[in-house]
Each structure stands twice: as C-alpha cells, then as structure tokens.
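Enquirer: Give me the fold of what follows.
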Amino acid sequence: MKTKTGVFIIGALGQLATMVITGASALKRRLCPATGMVTERGDFSGIDLVDVGDLVFGGWEIRRTSLLENAYRILGDIRSLSPKELSDIKEELKLTAANIVSGTTANCGSAIQALENPKKNCKNSSLKEIILRLKDDIRRFRSEHNLATVVVVNLASTEPPCPESDGLIDREKLEKIIELNDAEAIRASTIYAYAAIDSGCAYINFTPSDGAMVPGLIDMAVDRGVPVMGSDGKTGETLVKSALAPMFAIRNLKVLSWEGYNMLGNMDGKILSHPENKPAKIKTKDEVLPKILGYSPHSNVSIDYVPSLGDWKTAWDFIHFEGFLNTKMSLQFTWQGCDSALAAPLVLDLVRLSVFALQQGEKGLMKHLACFFKSPLGVEEHNLNEQYKMLKDYAAKHNALGA
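Expert: Numbers count the residues shown, from 1 in each chain. From the prediction side, this is the model:
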C-alpha cells in the first residue's frame, strides 16, 4: 500500500485552506493543471517529491463553518471549477471535513477570538493542557490514516504582534512560560507550533504572525530533528516588489518613494482592519526594499478592507525615482489577483519540499525556501531571482546526490 502524507492545517476552514484542499483534490482528478506550482518546473524533476494525490488533509478550526459550503462559495465566486467538477470532488471533501477538529484562540487577539465557536473550542485550559490536546489531535490523525509523515501549516488569520519582547523568546523562556502557564506572554500560533514541532512534524508558517516562529521554537526544531520555515507567504504586491526593486538597484536609479495601497475583501482583510492585527502584516511587507536597495526610501504600505471584493485583492503602487542629472521620474503598477488562487499552489509546494527535507534528515530553518516568503527567517537576501537560485541550487544538489 502506498504511503500517504498528512497535512494538518491551522485555520483549516479558511479561504486559503479551502482552496489548498479543494485544489489538491482537483489536481488528483486532473480537473486542472498545476499552474502556479513552482515544484512542477523542470528544475525539480530530478528529486523525489510527494505526489499531491497522496496528501491527506486535516487540521484545526475555531469557527462554525463547513468545508463543502466554503468550497462551493469560494470556487463559485471565482469561477475556477464548474458545478460538475465540484460535484466530482464532493465526497473527498466530506472525508477531509471529518479530519478537522477544534482549535484554540489562546491570547490571539480580540478580532480572531470574536470569530470562534464557543461551544467547540477549549476554554480555561492551561498552556500545557492545550499543547497536549493539540499533540493528541496530530497523533490521532497520523494513526487513523497510517501516515508516515505529517506537515503542519499555519494558514490562520494574522495575530497581533507577540506580546513578549517582540517575539524574542528563547527556548528557556518558552519552556518557563508554559510551565508557569503565563498565557499572556505568547500567542495561539506559538502553542500550535510547539505542539507540531514536539510531535515531530515539519512546520510551515505561511502567516505574518511572529509568535509562530520565535527563536525558542527554531531551537526546538533543531533538537527534535524537524525542518521549519516562515514567515508570511509572498504572493502579490511584495512579490512584484522583490522582482522589480532589483532593476532600480542594477541601473543605479535612486528610489525616492515607494507607496503601496492594498485593498483586500476576504477574512484576511477583515482581520487586518483591526489596529492591533495590522502591524504584523505591515512589518513583513516593509522589510523588502531596504534589503534589496541598500537604503530606505520613503515608503508607506496601507491596507484597507473592502468587503465587496471577496477573495480578490488589488494593490496600487507608485514609485518615485531619480535618474541622471537629478531627473525625477515615476512608475506605477496595479496588481489584481485572487488571493487564495495565488497562495494555494505555493502551500502545496512548501508541503512537498518540507516532506522531502524531513526525509533527508534536514532540521531547523529551510533557508532555501526564502523565495516563498515576505520575511524569510535566517535569510537576508530579498531579491526574488537570487532567492529562487537558492532553491534551484538546493534541488540541483539533491539531484546530483541521487544520480
């Protein structure tokens, strides 16, 4: 019997998670091509990556909602699959829905806590008790589906910044926080990541939530022998920035100002409309330019929630730059895209590459995955081409080893 791989998602009924799960089912039945998946490029044909059809999905969710209803609503809205094609994957979605269990909202901010289903989620439990329950959820998922490997992926809404020293929590402090049940010192994302890493799972933080990748968790991953990486998937405006900014650097054109205005219509936009949640996202979007240009031009990133957009997002950027003889010029671009459709194939890529890393005995930060993130931990390079070269070189090295 072919070995299956588990994918346990934090925020398993959100729009992105729904697109990931539905998309994997559609790919399995050849209802759509693998457009947008980086690992389907020829650069990766020489390494043995898990087949998307061999992924089993489950996860945690805090809201009262339905995977099937979400799939019909989201995919119906963007018109990516026909009603007949959706019907073809209906039974598989029902099976996946049975693997989704209640999560935790421990200290994740009022905006996210307002979404929870109070009848399902654990209340008044200690940090230790919550971690044990989450680990048991992973153990049961692994056992019920006879899974050799499980990858945990954080696709939950963006939390407020970590309350403890800007997220600089080392291993000793992390263990002490849990032991003393200092629940106000860490976020829900820290608890999820701790449970995942302690359970021997590869772990991906696709969100800007800094509590999900504190230093103590990275050290723990090295000790447990599991690969981890984050943070904040790079799918839209920042993706364009990381490809376009090197042009100005290469041609020695001085960027004076780079202003970005973003409109989001999904749950991500709604949560980011709260003042306590927005700073975490702004921070990851603001890191790119200084790292590529070598200086900090005037830059402002704004994000507004526009409910009527649904799962679509629009970004308008204005770049004011200076050329020869102090000549001031400008460039503008508008980026419009379906948020989940841009991100979902990258999540599948990250799962495949995480499973491969786990099989190779790799542990700690997977720095070669930098091109997938706005704020790649442990990596100073933000030029998209250079980041992708890191990934391509990694694949070439393993291809040579396997030859």
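Enquirer: Work out for me the element residue 342 sits within.
Expert: Using DSSP states H and E, residue 342 maps to helix 339-359.
Enquirer: Can you tell me which helices and strands that helix packs against?
Expert: strand 4-10, helix 15-28, helix 67-78, strand 147-154, strand 202-205, strand 227-230 (3 or more C-beta pairs under 8 Å, 6 or more residues apart in numbering; DSSP states H and E). In short, each C-beta sits where N, CA and C put it, glycine included.
Enquirer: Please enumerate the strands of the protein.
Expert: Taking DSSP state E, the strands of the chain run over residues 4-10, 55-61, 100-102, 147-154, 202-205, 227-230, 254-264, 298-305, 312-322, 328-338, 364-365.
Enquirer: Just name the most buried of the ones you listed.
Expert: A comparison of these by mean neighbour count, using mean count of other C-beta atoms under 10 Å, puts strand 202-205 on top with a mean of 30.
Enquirer: Give me the sheet partners of that strand and which way each runs.
Expert: strand 147-154 (parallel), strand 227-230 (parallel) (DSSP bridges).
Enquirer: From the rest of the structure, what touches it?
Expert: Contacts to strand 202-205, defined as C-beta atoms under 8 Å, 6 or more residues apart in numbering, come from residues 149-154, 189, 193, 196-197, 212-213, 221, 226-232, 347, 350-351, 354-355, 357-358.
Enquirer: Okay, now the unreliable bits of the stretch 51-200 of the chain?
Expert: Low-confidence regions of the stretch 51-200 of the chain, defined by pLDDT under 70, span residues 117-124, 164-167.
Enquirer: give me that answer again for 90
Expert: The stretch 51-200 of the chain contains residues with pLDDT under 90 at 63-91, 105-125, 148, 157-168, 183.
Enquirer: picking that back up, pipe the helices and strands packed on helix 339-359 into JSON lines and attach distance to residue 49 per row.
Expert: Output for the helices and strands packed on helix 339-359, formatted as JSON lines (distance: least, C-beta to C-beta, whole Å):
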{"stretch": "strand 4-10", "distance to residue 49": "10"}
{"stretch": "helix 15-28", "distance to residue 49": "13"}
{"stretch": "helix 67-78", "distance to residue 49": "25"}
{"stretch": "strand 147-154", "distance to residue 49": "12"}
{"stretch": "strand 202-205", "distance to residue 49": "13"}
{"stretch": "strand 227-230", "distance to residue 49": "14"}
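Enquirer: Would you tell me which of the ones you listed gets closest to residue 297?
Expert: Of all the helices and strands packed on helix 339-359, strand 227-230 sits nearest to residue 297, with 26.3 Å by C-beta to C-beta.
Enquirer: Could I get the average pLDDT for the closest one?
Expert: Averaged across strand 227-230, the pLDDT comes to 96.
Enquirer: before we move on, the earlier item: now the weakest link among the strands of the chain, please, by mean pLDDT.
Expert: Among these, strand 298-305 carries the lowest mean pLDDT (a mean of 90).
Enquirer: Tell me what angle it forms with strand 254-264.
Expert: Strand 298-305 and strand 254-264 are oriented at 10 degrees to each other (axes from the mean of the first three to the mean of the last three C-alpha atoms, to 10 degrees).
Enquirer: Just give me the neighbour total for residue 42.
Expert: By other C-beta atoms under 10 Å, the residues close to residue 42 number 7.
Enquirer: and what of residue 41?
Expert: Residues near residue 41, counting by other C-beta under 10 Å, number 14.
Enquirer: switch to numbering from 20
Expert: Will do, 20 is the new start, and the previous item becomes residue 60.
Enquirer: so what's the nearest residue to residue 161 once chain neighbours are set aside bridging to?
Expert: Residue nearest to residue 161 in three dimensions, not counting chain neighbours: residue 169, with 5.5 Å by C-beta to C-beta, 6 or more residues apart in numbering. Beta-bridge partners of residue 169, counted by DSSP bridges, are residue 25.
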